Each structure stands twice: as C-alpha cells, then as structure tokens.
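1. I'll drop the sequence and a predicted model, then ask my questions.
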Amino acid sequence: MEKIRLSKLMSEQGICSRREADRYIELGWVFVDGERISELGTKIFPTQKITLNKAAQAQQTQQVTILLNKPVGYVSGQPEPSYQPAVVLIKPENQFIPKQPAQPAKRFQPAHLKNLAPAGRLDIDSQGLLVLTQDGRIAKQLIGEESRIEKEYLVRVEGGLPPAKLALLNHGLSLDGKALKPAQVSWQNQDQLRFILHEGKKRQIRRMCELVGLKVTGLKRVRIGKVKLGNLPEGQWRYLEDGEKF
C-alpha cells in the first residue's frame, strides 16, 4: 500500500479542500492516529485515521454557503471587461428573508465574503441558481471530478425538434471529441425544454442545442441536487439553511 499526501487524502475523504488542508496542517490543527502533523507534504497510509482539532472544526461550522438567483449580465467567477462578477450582489440589501422563515435568518457579515467562491459556473447570458461557498467540502461535492449531483435547467428554444433529435439530446451527443453523459431532456411546454444534467461542460446546453438545430433564447437553472431555486427573487440571495443538503 502506497502512502498518499495528507492534504490530498483529506480532500478525497471530504474533510476539507486541499487548500484548507494545507492551512490546517500549517496551523497544527491536523492529527493522524492522534499525532499532530505540521509539515506540508506529509504522506500517510489511506488506512490511518485523520482528525481535526476543535479550532478547525469551529472554523468549518462558521463557513457559509450562499444561494443566489443570478441575473443575466453577471459572470459567475472572475470579472470580465464591462461585466461584474455575481459576488458583487452579495450585500445586505439584497438578502432575501422570507416573511415566515422556517428558522431565524442568519444576518450578513463582511467576513462571509472572505474566500467566497462560486461552486460551478453559470454563463453570463444565463440566470438562476448559483452557489457560492467558503466551504471546500461543498465545492468538492458540487464540482469535484467525482460529483454526481444533478443540475436542472429550464431552457427556452426556437426551432423544430423531431423525436430522433430529442433522443440525441438525452444520449448520443459529443462535445470536444468526448461523449456526453446521459441527460434527461423533455418538453416542459410548447417552447421550453427541461434539462437534467450530471456534468457541467462550458456552455454545454447551448452547444447541445446547436447540434440538433435549436437556438437557445433563455436558460435558467432551477435546481442543484436537492436544493431548489424556489421563490428566491432575481438578483437576491439567501444562506443555505441548517439541514439543507445538496
């Protein structure tokens, strides 16, 4: 059995992200079989037990995950010329608080913007549910190589779609020379399709539609895993609640 880099193993086991693991190791917050590890690059056997001290555990519980109903015209991640990143919408006046919340609403704090990053992309000309998180465990769950989280979209289209091409959208198309995973695509109404995907290639839905002769005129993500966009107004955001799981 080969030894594996500790930070890599911590990420694979869902303890935290690799970047967080390196920081916890530097701070002396990581223990392997009860022994404190403080040297970056340490390798251990996969069977050894990894634990975090109370400081690391407390820091993890303070990390926030935010759900934003992103409007068209904002980029998910790094700003582009003439366009702002969606994170600029995360401010107190845009927080959505239901009139009868299921639990007391968490209030915005400037610290919640530190290391807040999108867990997945949503194109500049698309709208809907965008997840931003400080928690590397959630980011890995949503966008890690082994992620199997479903993502659901409502897609308004123009053009004809015979049954054979609808079947291709479900399974049979390739992008960038690689076959796409099976999808679930069906008509939502006369001019709108419902897509459920298990992967997230760049501009995947638009490119899939182009391959079968459709033009996308509107795209909205309405669900990621078990978390729905629901009644969250466009341009507003809320915290992922305790007990909500993707």
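-> Sure thing, it's come through.

2. What residues sit buried inside the helix or strand of the chain with the lowest mean pLDDT?
-> Among the helices and strands of the chain, helix 54-62 carries the lowest confidence by mean pLDDT, DSSP states H and E, at a mean of 81. By neighbour count on 16 or more other C-beta atoms under 10 Å, the buried set for helix 54-62 is 56, 59, 60. C-beta here means a position set from N, CA and C on the backbone, and glycine is covered the same way.

3. Over to stretch 28-40?
-> Within stretch 28-40, the residues that count as buried by 16+ other C-beta under 10 Å are 29, 30, 32, 37.

4. cool, and stretch 169-177?
-> Of all the residues in stretch 169-177, those buried under the rule 16+ other C-beta under 10 Å are 169, 173.

5. can you check stretch 82-92 too?
-> Across stretch 82-92, burial judged by 16+ other C-beta under 10 Å covers 85, 86, 87, 89, 90.

6. residues in contact with the fourth one?
-> By C-beta atoms under 8 Å, 6 or more residues apart in numbering, the contact set of residue 89 is 68, 70, 74, 235, 236, 237.

7. Touching, the fourth one and residue 73? I think so.
-> No. Because the distance of 10.2 Å does not satisfy C-beta atoms under 8 Å, residue 235 is recorded as not touching residue 73.

8. Between all of the buried residues of stretch 28-40, which two are at the greatest distance?
-> Across the buried residues of stretch 28-40, no pair lies farther apart than 29 and 32, at 12.0 Å, counting by C-beta to C-beta.

9. quick one: low-confidence parts of the chain?
-> Low-confidence regions of the chain, defined by pLDDT under 70, span residues 79, 101-103.

10. what residue is smack in the middle of it?
-> Centroid-nearest residue in the chain, with C-alpha atoms, centre = their mean: residue 119, separated by 3.2 Å.

11. any idea how far residue 27 is from the residue lying farthest from the centre of the chain?
-> Relative to the average C-alpha location in the chain, and by C-alpha atoms, centre = their mean, no residue lies farther out than residue 35, which sits at 33.9 Å. As for residue 35, its distance to residue 27 is 16 Å (criterion: C-beta to C-beta, to the nearest Å).

12. same thing with residue 67?
-> 30 Å.

13. Nothing else from me, thank you.
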